[in-house]
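*Asks:* My questions concern the predicted model and sequence given below.
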Amino acid sequence: MTTTGTAVLQARELSKNFSVRGRFALRRSTLRAVQDVNLNLTAGSVTAVVGESGSGKSTLARMLARLVTPTSGEVLLNGAPVTRGAADRAYRREVQLVLQDPFSSLNPVHSIRYHLSRPLRIHGFAGDADAENKAIKELLARVSLTPPERYIDAYPHELSGGQRQRVAIARALAVRPEVLIADEPVSMLDVSIRLGILNLLADLRDEEGLAILYVTHDIASARYLADTIVVMYAGQIVESAPARQVTDSPAHPYTQLLLSAAPDPDRVDGTAIAVTGAPPSLVRPPTGCRFHPRCPHVMDICRTTAPQPRPIGTDADHTASCWLYHDESTIASGKAE
């Protein structure tokens with residue numbers, strides 16, 4: 001097991017462009033889904049990537065899971081650059097993905113036993129029939145599906161949404177990964193059972209030292225589960241900090257917008273952030289800061305020059321890409337530092 005706090009999976013200047021064709025256009029355009037993202041996932045911690053639909057967070061997750069090939073940049077596993085080739089199976093053993101919809105991710109014609117035995121066999125963890133059966137029961141117990149005998153020969157349609165998602169997590173755990181990527185794992189579940197899945201992920205972090213990437217549009221659940229929150233907007237990271245700092249002292253206007261939109265019984269009426277407009281097209285993104293068409297604090301420099309990440313105050317762990325936190329001389333010069 002990797003020591004807690006050690007960087008297990010890293011993204012370095014990771015970008016992904018897609019070629020798209022308009023409805024009536026003959027020429028293809030480039031959609032810049034993710035741009036120059038840097039990210040560290042450390043053992044024994046949960047990093048949440050938060051943003052609206054279309055912000056690039058799921059594309060980032062799929063690049064880290066190697067389901068999508070980056071246009072540029074690199075991924076490092078335990079400090080070593082990852083390249084395609086013979087090591088693909090070894091990488092997938094170390095980095096597992098849990099998808100949003102547990103019903104579509106499980107084959108409805110196969111039992112839970114089949115779903116859990118297959119990764120054990122593929123990666124050489126099965127042993128004989130007795131050892132395999134014991135391993136499957138242990139996996140079900142790890143995700144609190146007990147007694148295992150009730151679930152082992154059931155089919156996905158016989159389980160609830162929360163139970164199916166626990167099976168999907170158990171399948172990911174079967175190969176003993178170091179990294180678990182959970183892409184919107186509770187968004188399709190009833191509100192009443194979401195907390196159980198979040199608590200399960202927290203237990204896996206605390207008890208097994210997994211590095212977990214939690215992708216979500218819900219900044220409230222990110223605050224509950226995550227150690228670090230990374231906020232994405234229009235394919236770029238705009239703020240990153242320990243979870244409590246992001247939610248208690250949001251620096252970027254977009255983060256303030258997300259928190260303003262989240263339900264909060266303690267918030268006084270009228271304190272919501274007044275923001276108009278919609279997320280920009282990633283085929284023709286705005287010049288300068290991509291949030292400037294919606295930002296209530298927009299300055300002239302925001303329209304022409306993209307800000308670089310900058311520490312907020314004296315805390316190097318809290319950074320934001322916003323001109324509000326650059327000194328006046330830099331803003332007057334019209335150039336990024």
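*Replies:* Looks like it arrived, so ask away. Computed from a predicted model, the values in this text were never measured in an experiment. Residues are numbered from 1 along each chain as shown.
*Asks:* Can you check the pLDDT for His318?
*Replies:* pLDDT for His318: 95.
*Asks:* what's the distance between it and Glu207?
*Replies:* Taking Cβ to Cβ, to the nearest Å as the measure, His318 and Glu207 are separated by 28 Å. Placement of C-beta: from N, CA and C, glycine included.
*Asks:* neighbour count winner among those two?
*Replies:* Between His318 and Glu207, counted using other Cβ atoms under 10 Å, the more crowded position is His318 (18 against 10).
*Asks:* pretty sure the more buried one contacts Ser240?
*Replies:* Yes: between His318 and Ser240 there is a contact under Cβ atoms under 8 Å: 7.5 Å.
*Asks:* give me phi/psi at Ser240?
*Replies:* With angles defined as degrees, to the nearest 10, Ser240 sits at phi -150, psi 130.
*Asks:* How about the secondary structure of the closest residue to it other than its chain neighbours?
*Replies:* Excluding the flanking residues, the one nearest Ser240 by Cβ to Cβ, 6 or more residues apart in numbering is Val230, at 4.7 Å. State at Val230, reduced to three classes by DSSP: H, G, I helix; E, B strand; the rest coil: strand.
*Asks:* and Ile229, what does it touch?
*Replies:* With contacts defined as Cβ atoms under 8 Å, 6 or more residues apart in numbering, the neighbours of Ile229 are 47-48, 50, 219, 222-223, 239-243, 246-247.
*Asks:* With secondary structure and distance to Met63 added, can I get those residues in a markdown table?
*Replies:* Output for those, formatted as a markdown table (DSSP: H, G, I helix; E, B strand; the rest coil; distance: Cβ to Cβ, whole Å):
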| residue | secondary structure | distance to Met63 |
| --- | --- | --- |
| Thr47 | strand | 15 |
| Ala48 | strand | 17 |
| Val50 | strand | 17 |
| Ile219 | helix | 22 |
| Ala222 | helix | 20 |
| Arg223 | helix | 25 |
| Glu239 | strand | 20 |
| Ser240 | strand | 18 |
| Ala241 | strand | 23 |
| Pro242 | strand | 24 |
| Ala243 | helix | 23 |
| Val246 | helix | 23 |
| Thr247 | helix | 26 |
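*Asks:* just the buried members of those?
*Replies:* Thr47, Ala48, Val50, Ile219, Ala222, Arg223, Glu239, Ser240, Ala241, Ala243, Val246, Thr247 (16 or more other Cβ atoms under 10 Å).
*Asks:* Now do the shared contacts for His318 and Ser240.
*Replies:* Listed as contacting both His318 and Ser240 by Cβ under 8 Å, 6+ apart are Val246.
*Asks:* For the chain, just list every one of the strands.
*Replies:* Along the chain, the segments classed as strands by DSSP state E run 7-21, 28-42, 45-50, 72-77, 80-81, 95-98, 179-183, 211-216, 228-233, 236-242, 310-312, 315-320.
*Asks:* Of all the residues in the fourth one, which ones are buried?
*Replies:* Buried positions in strand 72-77, judged by neighbour count with 16+ other Cβ under 10 Å: Gly73, Val75, Leu77.
*Asks:* Could you dump those residues into a markdown table with pLDDT and distance to Asp203 added?
*Replies:* Conversion of those to a markdown table gives the following (pLDDT from 0 to 100; distance: Cβ to Cβ, whole Å):
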| residue | pLDDT | distance to Asp203 |
| --- | --- | --- |
| Gly73 | 95 | 32 |
| Val75 | 95 | 27 |
| Leu77 | 94 | 24 |
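*Asks:* Show me which of the residues you listed is closest to Ser15.
*Replies:* The nearest member of the buried residues of strand 72-77 to Ser15, counting by Cβ to Cβ, is Gly73 at 5.5 Å.
*Asks:* Tell me the helices and strands packed up against the biggest helix by length in the chain.
*Replies:* The longest helix of the chain (DSSP state H) is helix 191-208. Packing partners of helix 191-208 (3 or more Cβ pairs under 8 Å, 6 or more residues apart in numbering; DSSP states H and E): strand 45-50, helix 161-173, strand 179-183, strand 211-216, helix 219-225.
*Asks:* Not counting its own residues, what contacts that helix?
*Replies:* Against helix 191-208 from outside (Cβ under 8 Å, 6+ apart): 1, 44-46, 143-144, 160-162, 165-166, 169, 173, 180, 182, 185-186, 189, 210, 212, 214, 221, 224-225.
*Asks:* Just the buried positions in stretch 187-197, please.
*Replies:* Of the residues in stretch 187-197, those buried (16+ other Cβ under 10 Å) are Met188, Leu189, Arg194, Gly196, Ile197.
*Asks:* any idea how far Leu106 is from the closest residue to the second one other than its chain neighbours?
*Replies:* For Leu189, the nearest residue in space outside its immediate sequence neighbours is Gly161; the separation is 4.9 Å by Cβ to Cβ, 6+ apart. Distance of Gly161 to Leu106, computed by Cβ to Cβ: 11 Å.
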